[in-house]
Each structure stands twice: as structure tokens, then as C-alpha cells.
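Asks: just to be clear, the model below is a prediction. Sequence and coordinates:
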Amino acid sequence: MDNIQQQVNSALEERARQQHERQWAQFVDKYSLSVLYPAKVLPKDKSRKIKTDKDLINARLLENGLLFEDLQTLPQIQVGVAQVVDNLQRTGCFHSVQLQIATNEDPETSVEYPHELEVILDEKNWYSLYIGGGFKHEGFEESLNNGTKLPKAQFEVSATLPNLTGYLDSTLLRYTVDQTSTSSVMLSHERPLYAWLGDTSALGEYLLALPKGSQYSFGIRAVLDTVDYEWTRSYKEYMRYISCRVDNSGRVQRPDMVPGYYWGIDWALSLRDIIPRKHATMPYSADASAEIVASSGTSLKHSLTWEARANGASCDDRLQPTAGLDWYSKMELAGPPGDVGYAKAQGGAAIHFPLIRNGLLALHGTCSGGYLKPISYGGVCKPATIGDRFFVGGPMQLRGFLPAGIGPRTRSGGSTSPGGDSIGGTLFYTACLAASVSPPGILRDYGIRLFGFANAGTLVGTTEGIPLQSIIKSTRSSVGAGVAASTPMGRMEVTYAWPIRYGPRDARRNLQFGFGFHFG
């Protein structure tokens, strides 16, 4: 009898506890409060002064949904606080960001607004140095899918000056050198656009009044770099360029890495040299096709680029989506005072349908395409160079084919591309239909999904006039299966594909490793 009574008492206690939790949750959901404007911005270390502009911090609070002097529920405030902390941490200017609700001790305002918001910032030093190494991102995916090529190791030294002006700005100087003694140098500076204009100017005030106005960024960059295409095209491209960018996020290494919607406008002026691969035993000879040698030389490119991306903002998960729509678009116009002229447009979309609740089974459809049209500007400019054309292939684009594995090729290539150098095209499309399933057990907990797919795509044309028949006849296709995982670095996948329609000189590979930031 005692055991039965203990079980009954335990059951009653558990029921009372659950009822108390439900009542507390209902109270929290309904409890509202109003906080005084502006928020107090305080240093974590009381002996230091705050360097960051306080008006900028309050602007970020408003942009992330914290409504001052207006009633908000605690869950609404919690969501806004989480967004603000993430937004400020991504600037790289703080060790930590804390927000807390405190009691308003001002006798003049405490009756109407008994609470105030405190933002506690642990600001980083005015400089940071980095010395380290790793692998170059150029050609990394090709090396993963080529048994004869290893990733290039590189040594890096960089100095960053964060938040010097107090407007969450960043100045970066970076030098890298790889194992072949190829070096690159980059100098950049970014800060909010309104800070360049002045927050007291009419345009600066207008920008701050926009929904995300304080996050619009203006950056300047100067780069000296050499990009290695020798494994697919038998040449390197030595680039010296300066660029300016206006975008809605700032601190952008790659637009597809930005969390949420992105748009940006780039102006660039670049001086480029195409350098054919040198012969291993005859240093004055080129280990490249005649077409690559004929394309060598210097060109000056002056361009304006617009790019917009959803970056999975409308999907339930950015890296492993099961529901939602994703898209991107990019347009580029090149012309005088450069000597290369063209208009280039590309874009893509992906749609995801859940077939079973909680995304256990889902269908995916993706497509992308692009077109490049030469513009001579009355004979002032020459057509696009090989580096401006499209290249198609690879695990995240057209599975079963290597990067730059399809499309126009030369009759013969260098020693690393015996099937012919890829010379790119002016029109391409890719499409994919896939189904994915979330496996049971621990694999599901780690965000792993199994998927099957059917890919199709083509790349055609290096001259004007591309008939529809040429597009249809040149289409490549493949089917296969794979496994994908979400990681802090992005989406990683391993696939095995069977090309079912291909050309005799296409570069194909069944087993592939892919890395990216979206479902390809």
C-alpha cells in the first residue's frame, strides 16, 4: 500500500508541476512591458570607455524588432535580443554582446516607463594579428575530385583594425603565399554607408530611417592575386584590381555566405594577364593549346555588377531545405574605359516540397542559367576573354562531371588537360530533380540526409547565334544518389553519379565530394 501511495503522490506532484509550467508559460507569453528609449550602451569593463557609436547600436536594436516605448511581449523581446546579438557579433568588433532589462531609475520617466534596456559590449582591441595557414579555396573542389591533384597549401599573415571610427568599420591587410610561391595581397576598408555620408546629413538621416538602413555598407578593396586554372584550362590569370561595393550587409567575403537576403552593387576596374602554363622541360614553350596561347596577354576590364540572393531566407533550413523557395540573380555590364565589352546575366531558383511532415521525405527542383552577349561599343571594345565566360560542371552544379567538365574544348590541351582545354561558353543551363529522406536515429540528429537525383545541363557557344537545336543536342545528363550533411562550414555532400548522356571528351567522374552553401 505504501508503494501505491508513493506512486500516486509522485503522479500528483508531476501533474502539479506541469500545470505550474503551463501557467507560467501562459503568463510569460501574455506579459508585456515597455522600455525607455534610447537604450543604455555600457562597457563590460567599467574602466574603459565605449568606442562604438551609441546611436548606431540603438538603430540596430530598432532594425531587429525591439520597439522602444511601446508594449511588447517577453517572447517578442527575446527574439529581437537574439537577432541583435547575432547581428553585432557578426561584425567582428566584439568579444561578447549582452542585453538585459533593468529598472529605470530616472524619476522623470520611471512612472511611464519603469524599465530600460542595457546593452553591455565587450569591445575588441583596436587591432588583431593573424599568422597561420590552410588550403587555397581556388581549386579546392577540383582537388577533392581529382586523384592526381592535391589541394594547395598556403601561408597567411593578416592585420585587422576593427571599429577604429566607432561605426563598426573594418580595415584589413592580408598577405598569402602558397607552396608554389604564388602570392596575393589584399587591402580593404568597410563601414556603414551612412557613416561615409555623415549621420547629420540629409541622405545619412534618410538611410537610417530605412528598415535596415544602418546595415547598408560601402567597402573599398584593392587586390593583387593570381588564380590558377591550369588543371582545366592550362593557364593562370594574374589580376590587379580595385573595386567598390554597396550592399545590405557588409563584411562580405562571398555573397552566398550572407545569412538571409542579400543585394549588392559592385564597381570594378581590373588589369588582367592570361599566362599559359609553361612547359616542364622547355621553359620558353607553352604547355597549353594553341587557343589558350592565342588568348594570352593583357586586358583592362571596367565593369558594374548587380547581385541579389535569397540565401535560403524563405526555406525551413538553409543547408538542408525541405520546404520553401530559394533564388539568386546576377547581372554584369563591362565596357569603356576598359577594352573588354559584354553584358552577362545569370540566375537560378530552387523549390522544395515536403511530402511527409517534419521533412522526413521531400522533393527538390532546381534550375539555373546564364547568357553572355559581346558588346563592341562601336569597335572600342573586344569580346569577352576566356576568364569572363561560363564554365559548367562539378558536384554542386552538374553531378557526374568534373568542374569545367562539359562544353567547348580545344582539340588538345596541356599535360594536365589531355582531353583538351576548356574554353568556356556564352550560354548554359542546369536542372536537377531530387528526392531526399531523413534517416532515423543518430544520423537525423546530426542533420544528415540521403538523396537521389537526376541532373541535366549544357554549355554552348563561343560565337554569336546559338540555335535551340544545338542546346538540345549538347545536353548532358546523369542520375545518382548521395548523402549530405550540414556543418558549421556549410553543406557537404558525397555523391555517386552515372552519366547517361555525355560527349566523348567530357571530363566525367562517378564519386564526387562537394561543398557549398545551398542545395545545388
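Replies: It's in.
Asks: helices of this structure, start to end?
Replies: Ranges of helices in the chain, per DSSP state H, are 2-30, 54-63, 74-89, 140-144, 193-197, 202-209, 230-233, 290-295, 442-445, 468-473.
Asks: among these, show me which one is buried the most.
Replies: Sort the helices of the chain by mean neighbour count, taking mean count of other CB atoms under 10 Å, and helix 230-233 sits at the top with a mean of 24. To be clear about C-beta, it is placed using only N, CA and C from the backbone, and glycine gets the same treatment.
Asks: hmm, back to that, can I get the helices of the chain in CSV with distance to residue 114 and mean pLDDT?
Replies: Putting the helices of the chain into CSV (distance: least, CB to CB, whole Å; pLDDT from 0 to 100) gives the following:
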stretch, distance to residue 114, mean pLDDT
helix 2-30, 18, 66
helix 54-63, 19, 90
helix 74-89, 15, 86
helix 140-144, 56, 65
helix 193-197, 33, 90
helix 202-209, 28, 86
helix 230-233, 66, 85
helix 290-295, 72, 91
helix 442-445, 44, 77
helix 468-473, 68, 82
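Asks: shouldn't residue 262 be in contact with residue 309?
Replies: Yes. At 4.6 Å, residue 262 counts as touching residue 309 under the criterion of CB atoms under 8 Å.
Asks: tell me, what's touching those two both at once?
Replies: Contact criterion CB atoms under 8 Å, 6 or more residues apart in numbering; residues shared by residue 262 and residue 309: residue 255.
Asks: between these two, which one's more packed in?
Replies: Taking neighbours as other CB atoms under 10 Å, residue 262 and residue 309 compare with residue 309 leading, 24 against 21.
Asks: ok, the more buried one touching residue 258?
Replies: Yes. Counting by CB under 8 Å, a contact exists between residue 309 and residue 258, whose distance comes to 7.3 Å.
Asks: returning to what we had before: of the helices of the chain, which approaches residue 177 most closely?
Replies: Shortest separation from residue 177 across the helices of the chain is recorded for helix 140-144, at 16.8 Å, computed as CB to CB.
Asks: can you check the pLDDT for the closest residue to residue 100 other than its chain neighbours?
Replies: Closest residue to residue 100 in three dimensions, ignoring its sequence neighbours and counting by CB to CB, 6 or more residues apart in numbering: residue 118, at 5.2 Å. The model reports residue 118 with a pLDDT of 90.
Asks: name whatever forms a beta bridge with residue 118.
Replies: Beta-bridge pairing of residue 118, defined through DSSP bridges, involves residue 40, residue 100.
Asks: make 699 the first number, not 1, from now on.
Replies: Got it, first residue is 699 now, which makes that one residue 816.
Asks: run a quick neighbour tally on it.
Replies: By other CB under 10 Å, the residues close to residue 816 number 14.
Asks: how far away is it from residue 740?
Replies: 6 Å (CB to CB, to the nearest Å).
Asks: ditto for residue 715
Replies: Residue 715 is 38 Å from residue 740, where distance means CB to CB.
Asks: next one: residue 914
Replies: When CB to CB is applied, the distance between residue 914 and residue 740 equals 27 Å.
Asks: just give the nearest non-adjacent residue to residue 1027, would you?
Replies: Sequence neighbours aside, residue 1045 is the residue nearest to residue 1027 in space, at 3.9 Å (criterion: CB to CB, 6+ apart).
Asks: now residue 1123
Replies: Residue 1123 sits nearest to residue 1157 (CB to CB, 6+ apart), 4.2 Å away.
Asks: now do residue 1180
Replies: Leaving out its chain neighbours, the residue that sits closest to residue 1180 by CB to CB, 6+ apart is residue 1193, at 3.3 Å.
Asks: go on, residue 1084?
Replies: What sits nearest to residue 1084 in space, not counting adjacent residues and going by CB to CB, 6+ apart, is residue 993, at 5.0 Å.
Asks: what's near enough to touch that neighbour?
Replies: In this structure, residue 993 makes contact with 933, 972, 1083, 1084, 1121, judged by CB under 8 Å, 6+ apart.
Asks: relative to residue 1138, how far out is the last one?
Replies: Read that as residue 1121. Using CB to CB, one obtains 48 Å as the distance from residue 1121 to residue 1138.
Asks: could you list every residue that touches residue 1123?
Replies: With contact taken as CB under 8 Å, 6+ apart, residue 1123 is in contact with 1087, 1088, 1089, 1090, 1105, 1106, 1157, 1158, 1159, 1160.
Asks: who does the residue nearest to residue 1027 bridge with?
Replies: Residues found in beta-bridge contact with residue 1045 (criterion: DSSP bridges) are residue 1027, residue 1067.
Asks: ok, back up a step: between residue 1121 and residue 1138, which one's more packed in?
Replies: Remark: of residue 1121 and residue 1138, residue 1121 carries more neighbours, 20 against 9, as counted by other CB under 10 Å.
Asks: pLDDT value on the more buried one, please?
Replies: Residue 1121 carries a pLDDT score of 92 in this model.
Asks: so what's it closest to, chain neighbours aside?
Replies: Here the residue nearest residue 1121, using CB to CB, 6+ apart, is residue 1106, at 5.2 Å.
Asks: and that neighbour, its phi and psi?
Replies: Residue 1106 has phi and psi values of phi -60, psi 140 when expressed as degrees, to the nearest 10.
Asks: also the one 4 residues further on?
Replies: Backbone torsions for residue 1110, taken as degrees, to the nearest 10, come to phi -140, psi 160.
Asks: so which residues of the stretch 1099-1218 of the chain form strands?
Replies: Under the criterion DSSP state E, counting those that start in this stretch, strands of the stretch 1099-1218 of the chain are mapped to 1125-1135, 1146-1158, 1174-1185, 1188-1199, 1209-1214.
Asks: for residue 1079, find the nearest of those.
Replies: Between residue 1079 and these, the tightest spacing by CB to CB is seen for strand 1125-1135, at 20.1 Å.
Asks: can you state the direction angle for the closest one and strand 1174-1185?
Replies: When axes from the mean of the first three to the mean of the last three CA atoms, to 10 degrees is applied, the directions of strand 1125-1135 and strand 1174-1185 differ by 50 degrees.
Asks: pLDDT of strand 1125-1135, averaged?
Replies: 95.
Asks: list the contacts of the residue nearest to residue 1121.
Replies: Applying CB under 8 Å, 6+ apart, we find residue 1106 in contact with 1120, 1121, 1122, 1123, 1157, 1158, 1159, 1160.
Asks: cool, residue 957 as well?
Replies: Taking CB under 8 Å, 6+ apart, one finds 788, 1009, 1016 in contact with residue 957.
Asks: over to residue 1149?
Replies: The contact partners of residue 1149, taken as CB under 8 Å, 6+ apart, are 1062, 1132, 1133, 1134, 1135, 1179, 1180, 1181, 1182.
Asks: kindly report the same for residue 1027.
Replies: Contact criterion CB under 8 Å, 6+ apart gives 1005, 1006, 1007, 1043, 1044, 1045 as the residues in contact with residue 1027.
Asks: now do residue 823
Replies: With contacts defined as CB under 8 Å, 6+ apart, residue 823 is in contact with no residue.
Asks: what do you get for residue 779?
Replies: Neighbour list for residue 779: 764, 797 [criterion: CB under 8 Å, 6+ apart].
Asks: and what of residue 804?
Replies: The contact partners of residue 804, by CB under 8 Å, 6+ apart, come to residue 734.
Asks: and residue 786, by the same measure?
Replies: Residues near residue 786 by CB under 8 Å, 6+ apart: 755, 758, 792, 795, 819, 866.
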